[in-house]
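Trainee: this is a predicted model, with the sequence first.
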Amino acid sequence: MRKLLLLLALAIACGSMALATSTSDVLQIVAGTNPADVIDDNVPGGGGVIVTTLDYYGWDIQITSGVTGSPTSQTGLDLDVQLEVYNGTLAAANPLTISYSDSGFTPVLGGFVFTPTGSINGGGVGTETFTAYADTTEFGETYPLGSLTIPPNGGGSINTVTPGALTAPFALTLVDAFTYTSGTTIYSADAAVAGVPEPASVLLLGTLLLGGAVAFRRRKGLSS
């Protein structure tokens with residue numbers, strides 16, 4: 001039993017080594033052509049309400065999650081945003097962009113999975129566009145990892161291979177962009193980007209788990 005637990009612990013450790021990060025995450029917001037505002041630097045892990053901003057160029061903003069990855073938690077970035085338009089004239093003239101970025105990801109993996117989902121409710125007209133990037137610097141947009149716009153899409157999962165020129169350590173960035181046209185409009189947006197474990201890591205994980213299970217069954221059979 002002890003050997004099985006050790007094998008399981010090693011397998012979990014190998015799987016979690018897929019993507020490690022620093023703690024240099026930054027959250028920025030831009031409305032129209034106005035200067036970018038840094039909403040939060042070193043966003044705390046574990047989620048929870050990060051910031052609620054009212055009366056921001058026609059937008060009411062609540063960011064409810066911005067979690068950066070680590071070897072023992074998530075393996076990428078996750079950003080949840082809720083928006084309402086309180087002043088249509090201002091919001092229409094100032095499209096909103098919320099960006100979340102972190103650097104220090106290593107090693108370069110076999111690929112990424114980008115999972116954007118969202119909705120626009122209230123009967124109004126607007127759009128939200130999700131995009132993920134990899135680069136050597138935070139907020140860099142050299143290597144797009146996927147993009148999705150609502151409407152007409154409601155969400156999906158986009159798999160992207162690692163760009164050949166991307167080397168570790170690298171940065172990941174999520175960009176949520178919102179436009180408003182008319183009516184009562186409530187936006188919900190959730191986007192995440194994560195590294196996919198390399199095939200060798202997945203194979204090692206499976207081998208260790210299978211070997212541990214076989215050893216446990218043999219030991220159990222001998223003791224019965």
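Mentor: Thanks, I have the structure now. Residues are numbered from 1 along each chain as shown.
Trainee: where does the prediction get shaky in this protein?
Mentor: Applying pLDDT under 70 to the chain flags the ranges 1-24, 40-49, 65-75, 107-109, 197-224.
Trainee: strands of that one, start to end?
Mentor: Under the criterion DSSP state E, the chain contains strands at 26-31, 37-41, 51-56, 59-68, 76-85, 96-105, 111-121, 125-135, 143-150, 158-161, 170-182, 186-196.
Trainee: list the neighbouring strands of the first one plus their orientation.
Mentor: Applying DSSP bridges to the sheet, strand 26-31 is found paired with strand 37-41 (antiparallel), strand 96-105 (antiparallel).
Trainee: try the fifth one
Mentor: Pairing partners of strand 76-85, with direction, according to DSSP bridges: strand 59-68 (antiparallel), strand 186-196 (antiparallel).
Trainee: output that strand as PDB - backbone C-alpha positions only.
Mentor: Below are the C-alpha coordinates for strand 76-85, written out as PDB (Å, rounded to 0.1, in the frame of the first residue of the first chain):
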ATOM      1  CA  GLY A  76      -2.600  28.600 -16.900                       C
ATOM      2  CA  LEU A  77      -4.900  31.700 -16.700                       C
ATOM      3  CA  ASP A  78      -8.600  32.100 -15.900                       C
ATOM      4  CA  LEU A  79     -10.500  35.300 -16.000                       C
ATOM      5  CA  ASP A  80     -14.200  35.800 -15.200                       C
ATOM      6  CA  VAL A  81     -15.900  39.100 -16.000                       C
ATOM      7  CA  GLN A  82     -19.500  40.500 -15.500                       C
ATOM      8  CA  LEU A  83     -20.500  43.700 -17.100                       C
ATOM      9  CA  GLU A  84     -23.500  46.000 -17.300                       C
ATOM     10  CA  VAL A  85     -23.900  49.200 -19.300                       C
END
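Trainee: any chance of CSV for the strands of the chain, columns mean neighbour count?
Mentor: Bear in mind the C-beta positions are built from the backbone N, C-alpha and C, glycine included. Converted to CSV, these look like this (neighbours: other Cβ atoms under 10 Å):
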stretch, mean neighbour count
strand 26-31, 21
strand 37-41, 14
strand 51-56, 13
strand 59-68, 21
strand 76-85, 22
strand 96-105, 23
strand 111-121, 20
strand 125-135, 21
strand 143-150, 19
strand 158-161, 14
strand 170-182, 22
strand 186-196, 22
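Trainee: what about Gly124, how many residues nearby?
Mentor: Per other Cβ atoms under 10 Å, the neighbour tally for Gly124 reads 17.
Trainee: thought it was touching Tyr180?
Mentor: Yes: counting by Cβ atoms under 8 Å, Gly124 does reach Tyr180; the two are 7.4 Å apart.
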